[in-house]
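here are the coordinates; sequence isn't available:
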């Protein structure tokens, strides 16, 4: 993944990570898809699902590079 793409996705993931506390199950993935839709970056369904799971399961900052490389 290019640096620009990683940085764009990381900005979205950081926003979602702060939002996810207390969010109902499935909300994070839905919101992540919507937020990514506002960018010029597209991810596969598998990448989005992996990031949503990392956000929901993680504590603290989620590294896009570590999750989807």
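Perfect, thanks for sending it. This one's a predicted model, so the numbers in the text were calculated from it and none came from an experiment. Numbers count the residues shown, from 1 in each chain.

I'd guessed residue 42 sits against residue 36; true?
Yes - contact criterion CB atoms under 8 Å: residue 42 and residue 36 qualify, at 7.2 Å. Backbone N, C-alpha and C define where each C-beta goes, glycine included.

When the two are compared, which one has more neighbours?
Counted by other CB atoms under 10 Å, residue 42 and residue 36 do not tie: residue 36 has more neighbours, with 20 against 11.

Surely the more buried one touches residue 9?
Yes - here residue 36 reaches residue 9: they are 7.3 Å apart, a contact under CB under 8 Å.

joint contacts of the two?
With contacts defined as CB atoms under 8 Å, 6 or more residues apart in numbering, the residues shared by residue 36 and residue 9 are residue 43.

Point to the residue nearest the middle of the chain.
Nearest residue to the geometric centre of the chain (CA atoms, centre = their mean): residue 13, 3.7 Å.

what mean pLDDT does the host helix or strand of that one have?
Element membership for residue 13 (DSSP states H and E) is helix 3-19. Averaged over helix 3-19, pLDDT sits at 86.

How are the helices of this protein distributed by residue range?
Here the chain has its helices, by DSSP state H, at 3-19, 27-37, 45-57, 64-68.

counting contacts, what elements does the second one pack onto?
The one in question is helix 27-37. helix 3-19, helix 45-57 (3 or more CB pairs under 8 Å, 6 or more residues apart in numbering; DSSP states H and E).

could I get the ones you listed as CSV with distance to residue 68?
Formatted as CSV, those follow (distance: least, CB to CB, whole Å):
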stretch, distance to residue 68
helix 3-19, 8
helix 45-57, 5
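
Thank you, goodbye.
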